[in-house]
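Peer 1: sequence? don't have it. structure:
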């Protein structure tokens, strides 16, 4: 079974600074997806970034980028120029590319990010 | 992006009554929908996978007679909490998968807060 580990329960960053959120996972598969989701106080799950395992290039979405290390099974999220609106709970998630549409997301425990003004 | 709605957004009910939560994909057809439960400051826990026109697949430990799931059309899945008790109070989130492969994107509803008195 796949597992996703987020070992830091909380982090804090100064506004405009950069912060990196860590995530490791365990799988025996070679074809899969990795995600970072943001859950603000409204509790709406928002997709931040998605990485396909067969792509070597790290995904980037504006101020958000990942460091995907497939061999090390590491998938960290870097938030640059942190803004107050980035304060939220962030979840790392894994999904196998096999299993068709029923393939399930496996979430980490999440990390609460606070942004200091 | 694709939109998934949930209704109601919050509900308060008396112990022993049943509550139905609707999950709709508004601008795409979803052959697969997922139901999650989330406690405060915790991760999402998958309850069941719902496929249009067939019985839902429940995760281990989830009472299928208590949490009835129906996926009657490609745009609607419902979760009915039967004979609700205070311990069923939680935040329930649905998601819908766009497409029939494991490569489809997943879109989350805004969640439903259930309080059982």
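Peer 2: Nice, I can see it. Since the structure is predicted, the reported quantities are computational estimates derived from the model, not experimental observations.
Peer 1: How about residues contacting the helix or strand harbouring residue A:49?
Peer 2: Here residue A:49 is covered by strand A:46-52, with elements defined by DSSP states H and E. Outside strand A:46-52, the residues within contact range by Cβ atoms under 8 Å, 6 or more residues apart in numbering or on different chains are A:33-40, A:58-61, A:64-66, A:68, A:75, A:77, A:90, B:105, B:108. The way it works is simple: take the backbone N, C-alpha and C, and place the C-beta from them, glycine included.
Peer 1: continuing past it, what's the next helix or strand?
Peer 2: Next along from strand A:46-52, by DSSP H and E: strand A:60-61.
Peer 1: how big is the angle separating the next helix or strand after that following strand from strand A:46-52?
Peer 2: Downstream of strand A:60-61, the next assigned helix or strand under DSSP H and E is strand A:64-69. If you take axes from the mean of the first three to the mean of the last three Cα atoms, to 10 degrees, strand A:64-69 sits at 30 degrees to strand A:46-52.
Peer 1: Counting neighbours, which bits of strand A:64-69 end up buried?
Peer 2: A:64-66, A:68 (16 or more other Cβ atoms under 10 Å in any protein chain shown).
Peer 1: Just the mean pLDDT for the helix or strand just after that strand, thanks.
Peer 2: Using DSSP H and E, the helix or strand that follows strand A:64-69 towards the C-terminus is strand A:74-79. Average pLDDT, strand A:74-79: 98.
Peer 1: what sits up against the helix or strand just after strand A:74-79?
Peer 2: Sequence-wise, the next helix or strand downstream of strand A:74-79 (DSSP H and E) is strand A:88-96. Identification of contacts with strand A:88-96 by Cβ under 8 Å, 6+ apart yields A:2, A:4, A:6, A:21, A:23, A:25, A:27, A:29, A:31-41, A:45, A:48, A:75, A:77, A:103-108, A:110-113, B:41, B:43-44, B:102, B:106.
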